[in-house]
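Enquirer: got a structure for you, letters missing:
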């Protein structure tokens, strides 16, 4: 397809925003966030060899900000897992004609999983602040 | 050829691509198990219903666990007393009773059980430990490979300079290896 005469290539890559592209961008961003979290988490879990250090680590995981972070982490994991599953289905089972419908169906599944899975974090926060 | 322009790192890595999908699929099941055990199950979860602020933590407040977790820890210690494991945690009797008065949260909670005691239900038990340490090692390996392969896809997409790209790849895989060694050592040693 020819470019319109006034369109110049930008030094920054330009992406066409459509469902699939949006899914891809969020997959990368959530993936980066999860790798960052993984590094911190594995490093922190050195504490499992020591009773006091582990108790302190797990207690810090109960902070109000951590409960919010836990919920956001769940959102990132659920999105990344379900979109990843969609990619696997497209690659291995050949579901590409259905990929857009699949994206929105898995979106509905994601909302349910985030609601059920996120309930403990949110309920803790509600009880904490309602006291 | 276009690939020659970007050097050897642009070579085909079909196996890695395949492995990325396999580890990704496995991680879904590993994560469901992890989430159930650590955040949902009333006996084994490390993250309880309590919120503990930084000030409370400094005063030595620990998150409280459910009576079910308290009973499981008590049963675990009773078994330990019958067949003491060398170098295991000291056999101390703990009353797994909910604290007196109105509970702070709707969930009746036990104060005598610490996070480490709950962890030891899995990693301190001679039978379960083998299963859970195996699970954790597989989880660690798959998560690190999946995460760092994905990270390298992004690095090779955006870093155009050959030297920088090879350097970033080497650095990130070195970090992954260091994390694997630290993580595997911690998991194996925990509870011994």
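Expert: Perfect, thanks for sending it. It should be emphasised that the depicted structure is a prediction, and the values quoted were computed from it without experimental measurement. Numbers count the residues shown, from 1 in each chain, chains lettered A, B, ... in the order given.
Enquirer: and residue B:165, that's in a helix?
Expert: Yes - for residue B:165, which was evaluated using DSSP: H, G, I helix; E, B strand; the rest coil, the result is membership in a helix.
Enquirer: tell me who's in contact with residue 116.
Expert: Let's take chain A. The neighbours of residue A:116, taking C-beta atoms under 8 Å, 6 or more residues apart in numbering or on different chains as the test, come to nothing; the list is empty. Every residue, glycine included, has its C-beta placed from N, CA and C.
Enquirer: my bad, the chain I had in mind was chain B
Expert: Taking C-beta under 8 Å, 6+ apart as the test, what residue B:116 contacts is A:51, A:54-55, A:58.
Enquirer: now stretch A:112-131: buried residues?
Expert: Taking 16 or more other C-beta atoms under 10 Å in any protein chain shown as the basis for neighbour counts, the residues of stretch A:112-131 that come out buried are A:113-114, A:117-118, A:120-121, A:124-125, A:127-128.
Enquirer: between those, which is closest to residue A:22?
Expert: Of all the buried residues of stretch A:112-131, residue A:22 sits closest to residue A:114, with 18.0 Å by C-beta to C-beta.
Enquirer: surely residue A:81 meets residue B:26?
Expert: No - with the criterion set as C-beta atoms under 8 Å, residue A:81 and residue B:26 do not qualify as a contacting pair; they are 11.2 Å apart.
Enquirer: neighbour count: the two, which is higher?
Expert: With other C-beta atoms under 10 Å in any protein chain shown as the criterion, residue A:81 and residue B:26 differ in neighbour count, and residue A:81 comes out ahead with 21 against 15.
Enquirer: from chain B, how far off is the more buried one?
Expert: Between residue A:81 and chain B the distance is 5 Å, computed by C-beta to the nearest C-beta, to the nearest Å.
Enquirer: now the nearest residue to that residue once chain neighbours are set aside: which helix or strand?
Expert: With C-beta to C-beta, 6 or more residues apart in numbering or on different chains as the criterion, residue A:81 has its nearest non-adjacent residue at 5.1 Å, and that residue is residue B:28. If you go by DSSP states H and E, residue B:28 is part of helix B:14-35.
Enquirer: now do the contacts for the residue minimising distance to the centre of chain A.
Expert: Note on chain A: the residue nearest the mean C-alpha position is residue A:76, at 1.3 Å, using C-alpha atoms, centre = their mean. Contact criterion C-beta under 8 Å, 6+ apart gives A:30, A:33-34 as the residues in contact with residue A:76.
Enquirer: can you tell me which of the residues you listed end up in helices?
Expert: When DSSP state H is applied, the contacts of residue A:76 are split such that A:30, A:33-34 fall in helices.
Enquirer: thank you, goodbye.
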